[in-house]
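Trainee: Next input, structure requested:
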Amino acid sequence: MSQSRLEPEVVHIPRSEEYPLENLIERKLKQIYGSGTYISDYYETEEGNLSIKIGNSFPKDVTDCRPGEEPVIKFIDIDGIAELTGEQVDSRYKIQIKSREEVSEGLTREKRKLREDLGDAMARATYDKIAQTPAVENQLNPIKQILRWTRLYHPASFEDVRDAQDKDDGKTLQYVQTLETLGFIRFDGKKLYAEDPLNKYDLDDISTKKFNEKILGEVVERGYKQLSEQLGLNILRHLPKFANGYYFDAIERNDPDLHLDLDSIRSNIVDLYGYQSGLHDWVLRDKMDELVSLKILDDEEDYYHANEKTFYKVAERTAV
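Mentor: Modelled structure (predicted):
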C-alpha cells in the first residue's frame, strides 16, 4: 500500500446540513490518526478558511491500590499536538493533513510539556520543603553565598564575589545573571545591588539558618525552571519526579485519599520520565519515606497517599 494512501496530503469534507462541519472533520481525523484524536480548537473565518488544532486522549489506570477498590480509568487529554488548515472549495472543505509522524512528534512534545508543567507545579508547591534537604541546600550554596554577600556588603563587588567563590568556568556570572532575572539582585557589570526580595531581610537575619531556608525556598519557587534547565541544578528535579509518581494519579482523580503502592508509583515514574524502572524497592521506598518526612506525602501501612495541604497546592498550579 502506498504512503500516499496511508497518509493523504488533503481530505475533502462535504458540507452537511445534518451534521456540524467540526464533527465531520473530527470523524475523518479519527480515521486517519486514531480513535483518541479530537479537535481541541476550531475556528472558521467568514471566507471559509479553517484553523484546526487537534489533541489526543489516552486511558490511564488510576485505581486505588487498597483491596476491594473498584477499577477507575481516566482519559488524559493532550491538547494542541498539531495544527491543520483548510479552505472552502465550492460545497466542500479541503483540509491539509499532516503526517502521522508529525502528529506523533507533537504528541511527544506536549506530553513532555505536561510532565515539565507537573514538575514545575510540584516544585512551586513544595519549594520550602525541597530547600530544606541537605542535597539541595548544598547544590544551591553558591546562590546562597551571592545573596548573602550582596545583602551584607551592598553594593558588593562582582570581582570579590567571583574571587571568593573561586570558580573559573563562568558559573558565578551565570548565577548572578539568573538571580538578576529572578529579581533578587541588580547587576551593573561591576557591582551587585540587593533588590526588594532580598532587601526585606534584616542584616541580623542574614547569617541564620532561617534566612537560608527562606531565601533558598523563594529562589526555588521563582526560578525552578531556570535553575534546573539553565544552570544544570538537576537535584531540584529529583524529589518532584518521585512525588509526581504519586500525585499524577491523585490530581487526575482529584482525590487526596487515593492510596498507591510502590509498584503503581514506580509505573507512573517510568511512564512520566522513562527511567527508574530498575530501581530497587528499598531505594524507592527510601525516596517515598523522605517525601513523607518532608510532609509532601503521607503513608499508611504499605500505601502512600497525599499530604492534604500539598495536594491542594499542587492542584491549584497544574492543569493535569
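Trainee: I'd like the next helix or strand past the longest helix seen in the chain.
Mentor: Secondary structure of the chain per DSSP state H: the longest helix is helix 100-125. Sequence order places helix 127-130 as the next helix or strand after helix 100-125, per DSSP states H and E.
Trainee: May I see the buried residues of that following helix?
Mentor: 127, 129-130 (16 or more other C-beta atoms under 10 Å). The C-beta positions use only the backbone N, C-alpha and C, and glycine is treated the same way.
Trainee: Which neighbouring elements make contact with it?
Mentor: For helix 127-130, the packing partners by 3 or more C-beta pairs under 8 Å, 6 or more residues apart in numbering; DSSP states H and E come out as helix 209-225, helix 235-253.
Trainee: From the chain's centroid, how far away is that helix?
Mentor: In terms of C-alpha atoms, centre = their mean, to the nearest Å, the centre of helix 127-130 is found 16 Å from the chain centre.
Trainee: contact partners of that helix?
Mentor: 123, 136, 213-214, 217-218, 220-221, 224, 236, 239-240, 294-296 (C-beta atoms under 8 Å, 6 or more residues apart in numbering).
Trainee: mean confidence for that helix?
Mentor: Average pLDDT, helix 127-130: 82.
Trainee: From Asp249, how far out is the residue nearest to Ala306 when sequence neighbours are not counted?
Mentor: The shortest distance from Ala306 to any non-neighbouring residue, by C-beta to C-beta, 6 or more residues apart in numbering, is to Pro256 (3.7 Å). Distance of Pro256 to Asp249, given as C-beta to C-beta, to the nearest Å: 11 Å.
Trainee: Comparing these two, which shows the higher neighbour count?
Mentor: Asp249 (25 against 19; other C-beta atoms under 10 Å).
Trainee: In this model Cys65 seems to touch the more buried one, though I could be wrong.
Mentor: No - using C-beta atoms under 8 Å, Asp249 is not in contact with Cys65; the gap is 9.9 Å.
Trainee: what do those two both touch?
Mentor: Counting by C-beta under 8 Å, 6+ apart, the residues touching both Asp249 and Cys65 are 260, 264.
Trainee: for Phe184, what are its contacts?
Mentor: Phe184 is in contact with 147, 194-195, 197-198, 218-219, counting by C-beta under 8 Å, 6+ apart.
Trainee: From Glu22, how far out is the residue lying farthest from the centre of the chain?
Mentor: What lies farthest from the middle of the chain is Asp90; by C-alpha atoms, centre = their mean that is 45.0 Å. Per C-beta to C-beta, Asp90 is found 19 Å from Glu22.
Trainee: The chain - how does it break down into domains?
Mentor: Domain assignment for the chain by automatic domain parsing gives 3-98, 141-230, 235-317.
Trainee: and the shortest one, average pLDDT?
Mentor: Averaged over domain 235-317, pLDDT sits at 89.
Trainee: Next, count neighbours for the spatially closest residue to Glu44 that is not a sequence neighbour.
Mentor: The spatially closest residue to Glu44, leaving aside those adjacent along the chain, is Leu50, at 5.4 Å (C-beta to C-beta, 6+ apart). The tally of other residues near Leu50 (other C-beta under 10 Å) stands at 21.
Trainee: ok, Lys144 to Leu203 distance?
Mentor: Taking C-beta to C-beta, one finds Lys144 at 16 Å from Leu203.
Trainee: Just want to know which of the two has more residues nearby.
Mentor: Taking neighbours as other C-beta under 10 Å, Lys144 and Leu203 compare with Lys144 leading, 17 against 9.
Trainee: Secondary structure element holding the more buried one?
Mentor: Taking DSSP H and E as the definition, Lys144 sits inside helix 141-152.
Trainee: send the alpha carbons of that helix over as CSV?
Mentor: Only the C-alpha atoms of helix 141-152 are listed here, as CSV (Å, rounded to 0.1, in the frame of the first residue of the first chain):
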residue,chain,number,x,y,z
ASN,A,141,25.3,27.1,48.2
PRO,A,142,26.8,29.4,45.5
ILE,A,143,23.4,31.0,45.1
LYS,A,144,23.1,31.4,48.9
GLN,A,145,26.6,33.0,49.1
ILE,A,146,25.8,35.5,46.4
LEU,A,147,22.6,36.6,48.1
ARG,A,148,24.2,36.8,51.5
TRP,A,149,27.2,38.7,50.3
THR,A,150,25.1,41.1,48.2
ARG,A,151,23.0,41.9,51.3
LEU,A,152,25.9,42.2,53.7
